[in-house]
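Engineer: Just need the structure, nothing else, for what follows:
(one chain, ligands or ions: 1)
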Amino acid sequence: MKPFQLATADCLDWLHAQADDSIDLLLTSPPFEKARSYGIDFDREGEAWVRWMFEVVTAAAPKVKGLIAVNCEGMTTNHSYSCVPELLTADLKRAGFNLRKTCVYHKNGAPGTGGFKGQHEHQGGGPDWLRDDWEPVICITRPGKLPWADGNACGHRPKYAPGGENHRHAGRNQWGGGRAAGVRVRDVEGVLATAVRPSHRDVDENPDEVEAIANPGNVIRCYAGGRSKKGDRYLADKSEAPMPVELAEFFVRAFCRPGGVVADPFMGTGTTGVAALKWGRRFTGCDIRPDQVRYADRRLRNVSPSIFV
Ligand SMILES: C[S@@+](CC[C@H](N)C(=O)[O-])C[C@H]1O[C@@H](n2cnc3c(N)ncnc32)[C@H](O)[C@@H]1O
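Structural biologist: Numbers count the residues shown, from 1 in each chain. From the prediction side, this is the model:
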């Protein structure tokens with residue numbers, strides 16, 4: 001397979017045409033009910049949206065060896081939430097799909113002034129409700145362990161050096177150390193112990209002593225929004241609702257083996273593909289609109305690490 005392959009197609013037709021087991025990771029962001037019509041009069045909402053997305057996941061399942069990750073959102077209108085992500089999750093579970101715990105895409109919500117009406121009402125909070133700062137990413141896998149995963153790929157050096165502070169058990173961190181050098185602390189079993197804490201400088205000078213990388217957790221914090229007239233961002237924004245590249249990168253790095261195939265059947269301007277190519281994976285995707293496929297093609301031809309600096 002070439003580094004990337006794009007098609008103008010309906011997601012279901014395209015998924016049915018893929019070979020079984022040909023995809024390592026499917027990451028996608030379908031239309032969020034009627035939040036946008038995409039110029040194609042997209043109008044599925046409520047149960048119709050759930051039935052349609054159930055069909056999409058069912059079509060994807062035989063093709064994807066690893067994770068199917070669906071970033072989606074329900075609409076709030078007239079002070080009532082449609083719950084479509086939850087309804088889809090429940091339908092998938094009841095039909096026998098294997099679900100992993102939903103991840104949270106933590107974004108910067110639109111300011112909650114109450115000024116938003118209608119389709120954007122769900123983002124703005126208002127006088128009697130809260131600003132919306134997150135979206136679910138529904139995660140479906142085959143039963144058992146994933147064929148490839150690196151949960152720590154987007155991990156980071158722990159905030160505290162061994163022996164340093166820990167937010168869960170006072171005086172105990174993941175290496176069994178205590179709060180501060182020479183301080184008497186009670187460990188998780190309640191036994192008093194003397195903590196020893198190497199300084200951060202010690203750790204930097206002896207990196208081998210700190211192999212642990214803190215697992216990044218299932219809340220993925222990304223900056224959303226902000227338009228630009230330049231570079232990759234300019235082409236990304238030719239989609240009405242581009243996913244943050246950082247969100248796609250998280251899933252690509254954690255759940256697709258290097259050289260593996262990442263797919264997106266609602267690719268828009270190809271953000272999932274950008275993340276895949278940037279991290280040495282291949283990409284295959286489709287969108288129903290030819291203009292989005294053209295923009296994605298332009299974007300992906302230009303992917304090199306230098307566009308991100
Ligand atoms: C939320 S946007 C995806 C944005 C994309 N993640 C990005 O970063 O650019 C949803 C996309 O789904 C596409 N779409 C809607 N119905 C479709 C269908 N039946 N088959 C394939 N694509 C469809 C729309 O054209 C739109 O580009």
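
Engineer: quick one: secondary structure of the residue most central in space within the chain?
Structural biologist: Nearest to the mean C-alpha position of the chain, counting by Cα atoms, centre = their mean, stands residue 247 at 4.5 Å. The three-state assignment at residue 247 reads helix, by DSSP: H, G, I helix; E, B strand; the rest coil.

Engineer: Whatever residue of the stretch 151-300 of the chain ends up closest to the ligand - how many residues pack around it?
Structural biologist: Of all residues in the stretch 151-300 of the chain, residue 268 sits closest to the ligand, with a separation of 2.4 Å (Cβ to the nearest ligand atom). For glycine as for every other residue, the C-beta is placed from the backbone atoms N, C-alpha and C. Other residues within reach of residue 268, judged by other Cβ atoms under 10 Å, total 26.

Engineer: again, but for the one 4 residues further on
Structural biologist: As a burial measure, the neighbour count of residue 272 was computed by other Cβ under 10 Å and equals 33.

Engineer: Find the residue closest to it in space, skipping its chain neighbours.
Structural biologist: Ranked by Cβ to Cβ, 6 or more residues apart in numbering and with sequence neighbours excluded, the top spatial neighbour of residue 272 is residue 264, at 3.9 Å.

Engineer: Can you give me every residue that contacts the one you found?
Structural biologist: Contacts for residue 264 were tallied using Cβ atoms under 8 Å, 6 or more residues apart in numbering; they are 26, 27, 28, 29, 270, 272, 273, 283, 285, 286.

Engineer: Mark which of those are part of helices, please.
Structural biologist: With DSSP state H as the criterion, helices contain 272, 273 from among those.

Engineer: which phi and psi does residue 14 have?
Structural biologist: phi -70, psi -40 (degrees, to the nearest 10).

Engineer: quick one: it from the ligand, how far?
Structural biologist: Using Cβ to the nearest ligand atom, to the nearest Å, one gets 7 Å for the distance from residue 14 to the ligand.

Engineer: Where does the prediction get shaky in this protein?
Structural biologist: 110-124, 158-212, 225-227, 305-309 (pLDDT under 70).

Engineer: Contact residues of it facing the ligand?
Structural biologist: 10-11, 29-31, 38, 42, 239, 241-243, 265-269, 271, 286-289, 292 (Cβ under 6 Å from any ligand atom).

Engineer: Sticking with the residue of the stretch 151-300 of the chain closest to the ligand, tell me its helix or strand.
Structural biologist: Using DSSP states H and E, no element contains residue 268; it sits outside every helix and strand.

Engineer: what residues are up against it?
Structural biologist: Residue 268 makes contact with 29, 239, 241, 242, 243, 287, 292, 296 under the criterion Cβ under 8 Å, 6+ apart.

Engineer: Identify the bridge partners of residue 98.
Structural biologist: Going by DSSP bridges, residue 98 is paired in beta bridges with residue 141.

Engineer: Can you report how many residues lie near it?
Structural biologist: 13.

Engineer: ok, now which ones touch it?
Structural biologist: Residues touching residue 98, when contacts are defined by Cβ under 8 Å, 6+ apart, comprise 140, 141, 142, 143.

Engineer: same thing with residue 279?
Structural biologist: 249, 252, 253, 258.

Engineer: Tell me the one of the contacts of residue 268 nearest residue 86?
Structural biologist: Nearest to residue 86 among these is residue 29, at 17.2 Å by Cβ to Cβ.

Engineer: Over to the closest residue to the closest one other than its chain neighbours: give its phi and psi.
Structural biologist: Closest residue to residue 29 apart from its sequence neighbours, by Cβ to Cβ, 6+ apart: residue 71 at 4.3 Å. When read as degrees, to the nearest 10, the backbone of residue 71 gives phi -80, psi 120.

Engineer: looking at this, residue 220 is in a strand?
Structural biologist: Yes: judged by three-state DSSP, residue 220 forms part of a strand.

Engineer: If you count neighbours, what's buried in stretch 256-274?
Structural biologist: For stretch 256-274, the neighbour count (16 or more other Cβ atoms under 10 Å) marks 256-257, 260-274 as buried.

Engineer: Please save the CA atoms from it in CSV.
Structural biologist: Taking C-alpha atoms only, stretch 256-274 is exported to CSV below (Å, rounded to 0.1, in the frame of the first residue of the first chain):
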residue,chain,number,x,y,z
CYS,A,256,-1.3,1.7,15.6
ARG,A,257,2.0,-0.1,15.2
PRO,A,258,4.7,1.8,13.3
GLY,A,259,4.2,1.2,9.6
GLY,A,260,0.6,0.0,10.3
VAL,A,261,-2.6,1.2,8.6
VAL,A,262,-4.8,3.9,10.1
ALA,A,263,-8.3,4.5,8.6
ASP,A,264,-10.9,7.2,8.7
PRO,A,265,-14.2,6.8,6.8
PHE,A,266,-15.3,10.4,7.6
MET,A,267,-11.9,12.0,7.0
GLY,A,268,-12.9,15.5,6.1
THR,A,269,-9.6,17.3,5.3
GLY,A,270,-7.6,14.4,6.6
THR,A,271,-6.5,15.2,10.1
THR,A,272,-6.3,11.5,11.0
GLY,A,273,-4.1,10.9,8.0
VAL,A,274,-1.8,13.8,8.8
